[in-house]
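> Got a predicted structure here, sequence first:
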Amino acid sequence: MAMRTARAKVVKGKIVTRAKFPEGTKLFLVVDTPQPEIELDADDEKAFDKAMVAVRQGTTIPLDVFRAILQRL
């Protein structure tokens, strides 16, 4: 079964969305809480730009390898 996302908001206690779903579709809702803005200094911005270049060039490690590394920490 394919999973997809849709945006919605609560209006007068009801969930409102422009997305269309077939009758009987079961939905899993996740509350999108606002996060504080992240301020980057010049070094952080350079590191982020360098990382994005690596992603575009395909020189990064696969996601499953990255997850395995995180689990070991």
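Happy to help now that I have it. Numbers count the residues shown, from 1 in each chain.
> For stretch 35-47, measure first residue to last.
End-to-end span of stretch 35-47 (Cα to Cα, to the nearest Å): 22 Å.
> tell me how far that stretch is from the chain's mean position?
Averaging C-alpha positions (Cα atoms, centre = their mean, to the nearest Å) puts stretch 35-47 18 Å from its chain's average.
> now do stretch 26-44
8 Å.
> what's the first-to-last distance across that stretch?
The first residue of stretch 26-44 is 41 Å away from its last residue (Cα to Cα).
> Can you list the neighbours in contact with it?
Stretch 26-44 has contacts (Cβ atoms under 8 Å, 6 or more residues apart in numbering) with 15, 21, 48. Where you see a C-beta, it was placed from the backbone N, CA and C, and this is true even at glycine.
> Which helix runs longest in the chain?
Determined from DSSP state H, the single longest helix within the chain is helix 42-57.
> any chance of the contacts of stretch 26-44 in TSV, with distance to Phe28, neighbour count and pLDDT too?
Listed next are these as TSV, based on distance: Cβ to Cβ, whole Å; neighbours: other Cβ atoms under 10 Å; pLDDT from 0 to 100:
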residue	distance to Phe28	neighbour count	pLDDT
Ile15	12	10	93
Phe21	12	11	90
Phe48	31	11	90
